[in-house]
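Novice: sequence and predicted structure are below.
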Amino acid sequence: MEPKKKALAAALLALLWAGLAVWQWGTWKEPLRVPLTNVTGPASSGQRIQAKAGGLRVHLELLASARSEREGTFTAPRNIFSLSGPDQTLPMSSEAAQAAASGPTPEQALLEQASAVEVAQYRYLGFLRTGEGRTRRKEVAVLSKDEEVVVVRVGDRVEEHLVLKAITPDSVTIRDTGAKIDQTVPLSEEPSPQQ
């Protein structure tokens, strides 16, 4: 399109818009202003139904009996968001903590003795630190049982029901997951027997 035709089309459109604006301005009327008045009338249908029914009623005797039922059957909820330990067991509940505080039962005493005998077969030979820096550093414990040497980290299974819980320079802590008992194995000072 030529520049003259473009300018002519733009001028016609501008003139058309100006004509529409003047026409709207001339025919525009100011809205009517009416003062507000307070008018009372019949109640709505929802309010009429409530008035006939007498309003809401609360049966206090049913509320009291339901409250006593709830209090009688209440048990402490289990925390499903609690973190499990490295041995994949959950923290003790309040009932289990009370049972543990009341003292060991004969069955628990036998489990503790069996666990102590089994863990006593292990000797703690030492530990290694692998990785660089504080965040990447992992400690690895070296244990021996009979003639077998086992290298484990915290959280690894020593046997099917024994999990390494902690490593220190002086000792390691092994947890028996079946009996839920922790046993400490001190660092072995004597050299292993050579054949």
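Specialist: Great, that's in hand.

Novice: rest of the way, CA atoms for contacts and neighbours
Specialist: Fine.

Novice: right, and the secondary structure at the residue nearest the centre of the chain would be what?
Specialist: In the chain, the residue lying closest to the centroid (CA atoms, centre = their mean) is Phe81, at 4.2 Å. Following DSSP: H, G, I helix; E, B strand; the rest coil, Phe81 is assigned to coil.

Novice: how many residues are close by Thr121?
Specialist: Small correction: residue 121 is Gln, not Thr. Look at Gln121: counted by other CA atoms under 10 Å, it has 11 neighbours.

Novice: what residues are up against the nearest residue to it once chain neighbours are set aside?
Specialist: Take Gln121 and drop its neighbours on the chain: the residue closest to it by CA to CA, 6 or more residues apart in numbering is Lys145, 5.8 Å away. With contact taken as CA atoms under 8 Å, 6 or more residues apart in numbering, Lys145 is in contact with Gln121, Tyr122, Arg123.

Novice: what count of nearby residues applies to the spatially closest residue to Arg157 that is not a sequence neighbour?
Specialist: Leaving aside its chain neighbours, Arg157 sits nearest to Val163 (4.4 Å; criterion: CA to CA, 6+ apart). Look at Val163: counted by other CA under 10 Å, it has 23 neighbours.

Novice: and Val154, by the same measure?
Specialist: Val154: 19 neighbours (other CA under 10 Å).

Novice: now do it against Leu164, distance only.
Specialist: The gap separating Val154 from Leu164 is 5 Å, by CA to CA, to the nearest Å.

Novice: and for Arg33?
Specialist: 86 Å.

Novice: show me where pLDDT drops low in this structure?
Specialist: Scanning the chain with the threshold set as pLDDT under 70 gives 41-55, 71-76, 82-105, 133-137, 190-195.

Novice: please enumerate the helices of this structure.
Specialist: 3-27, 45-53, 60-72, 94-101, 106-120, 133-136 (DSSP state H).

Novice: list the contacts of the residue nearest to the centre of the chain.
Specialist: Counting by CA under 8 Å, 6+ apart, Phe81 has no contacts.

Novice: now stretch 123-130, how far from the centre of its chain.
Specialist: Put simply, stretch 123-130 sits 35 Å off its chain's centre (CA atoms, centre = their mean, to the nearest Å).

Novice: now that stretch: buried residues?
Specialist: Arg123, Tyr124, Leu125, Gly126, Phe127 (16 or more other CA atoms under 10 Å).

Novice: turn those residues into CSV, including distance to Gly19.
Specialist: Listed next are the buried residues of stretch 123-130 as CSV, based on distance: CA to CA, whole Å:
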residue, distance to Gly19
Arg123, 103
Tyr124, 100
Leu125, 101
Gly126, 98
Phe127, 94
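
Novice: quickly list what Val185 is bridged to.
Specialist: Val172 (DSSP bridges).

Novice: please report how far it lies from Ser144.
Specialist: With CA to CA as the criterion, Val185 and Ser144 are 11 Å apart.
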